[in-house]
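Chemist: What would the 3D arrangement of this be:
(chains A and B)
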Amino acid sequence: EAGVTQFPSHSVIEKGQTVTLRCDPISGHDNLYWYRRVMGKEIKFLLHFVKESKQDESGMPNNRFLAERTGGTYSTLKVQPAELEDSGVYFCASSQDKRLAGVTYEQYFGPGTRLTVT
Amino acid sequence: AQSVTQLGSHVSVSEGALVLLRCNYSSSVPPYLFWYVQYPNQGLQLLLKYTSAATLVKGINGFEAEFKKSETSFHLTKPSAHMSDAAEYFCAVSDQWSSNTGKLIFGQGTTLQVKP
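Modeler: You can find the predicted model right below:
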């Protein structure tokens, strides 16, 4: 079974440009999360999807960030326009529906996208 | 609000020595606790998890952690370090109860160096 995949693995863009990150969760996982790690800081939650619905977007830094999950499958995170402080590693994670009997709540992470804004 | 503190951003041990990575949490409700590991150029991999069952949790690669409610700790240990254990380790708590998201709250991470 394929794990969580993210594309691209690295992206270098100039300030003011737009970048779109993609995450493909594990098949059948309804929950999809985005996290970010800015250099030297802890990994921080950005938002959570349940299928195609945003459950919690309290961690989104500002309205330059837009996340979508059309059809409840893959998700995209767009940053427009990018600023220097947006540099960091963006992680995606997925998990099964925690309400299913016998399922221990566990998130599976992708390898991350390293975004550098110059 | 829940939080996690990892004591020591860098830990260095000799090969064969005990590994002890410290994690303290703050939570007003029963926590779900996790240790993740990130090897160079890879994503986060779950080492082990505590979900209110046995307080001593065994994980992969010989790691284990003990949940101590009185100390609000969830330290990660391994009796004998191996060179392949060199990585960054993250402790995390899940807010299973305060919201419906189950989002993870991470500590700052601890980089483990293993010397030959």
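
Chemist: use CA for all of it now, contacts and neighbours both
Modeler: OK.

Chemist: what sits against the residue of chain B found nearest chain A?
Modeler: Closest residue of chain B to chain A, CA to the nearest CA: B:G43 (3.6 Å). Going by CA atoms under 8 Å, 6 or more residues apart in numbering or on different chains, B:G43 touches A:109-112.

Chemist: At the contact with chain A, which residues of chain B appear?
Modeler: B:41-46, B:51, B:100-101, B:103-109 (CA under 8 Å from any CA of the partner chain).

Chemist: Tell me the buried residues within these.
Modeler: B:43-46, B:51, B:101, B:103-109 (16 or more other CA atoms under 10 Å in any protein chain shown).

Chemist: How much space separates A:H48 from A:L115?
Modeler: From A:H48 across to A:L115, the span is 20 Å (CA to CA, to the nearest Å).

Chemist: The two - which one has more neighbours?
Modeler: Set A:H48 next to A:L115 and count neighbours by other CA atoms under 10 Å in any protein chain shown: A:H48 wins out with 27 against 22.

Chemist: Give the bridge partners for that one, please.
Modeler: Beta bridges link A:H48 to A:Y33, A:D56, judged by DSSP bridges.

Chemist: Touching, it and A:K54? I think so.
Modeler: Yes. Taking CA atoms under 8 Å as the definition, A:H48 is a contact partner of A:K54 at 6.0 Å.

Chemist: Tell me which of the residues of chain B next to chain A fall in strands.
Modeler: Secondary structure from DSSP state E places B:44-46, B:104-106 of the residues of chain B next to chain A in strands.

Chemist: Which members of those define the maximum pairwise distance?
Modeler: The span of those, defined through CA to CA, is set by B:Q45 and B:I105 at 15.5 Å.

Chemist: in stretch B:23-38, what's buried?
Modeler: Buried, per 16+ other CA under 10 Å, within stretch B:23-38: B:23-25, B:27, B:31-38.

Chemist: mind putting those residues in TSV, pLDDT and distance to A:G40 included?
Modeler: Converted to TSV, the buried residues of stretch B:23-38 look like this (pLDDT from 0 to 100; distance: CA to CA, whole Å):
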residue	pLDDT	distance to A:G40
B:C23	97	18
B:N24	96	19
B:Y25	94	20
B:S27	82	24
B:P31	82	26
B:Y32	87	25
B:L33	91	22
B:F34	93	21
B:W35	96	19
B:Y36	96	17
B:V37	97	17
B:Q38	95	15
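
Chemist: Contact residues of chain A facing chain B?
Modeler: Residues of chain A lying near chain B (CA under 8 Å from any CA): A:33, A:41-45, A:48, A:55-56, A:104, A:108-112.

Chemist: hmm, back to that, want to try TSV for the contacts of B:G43, with secondary structure as columns?
Modeler: As requested, these are exported to TSV (DSSP: H, G, I helix; E, B strand; the rest coil):
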residue	secondary structure
A:F109	strand
A:G110	coil
A:P111	coil
A:G112	coil
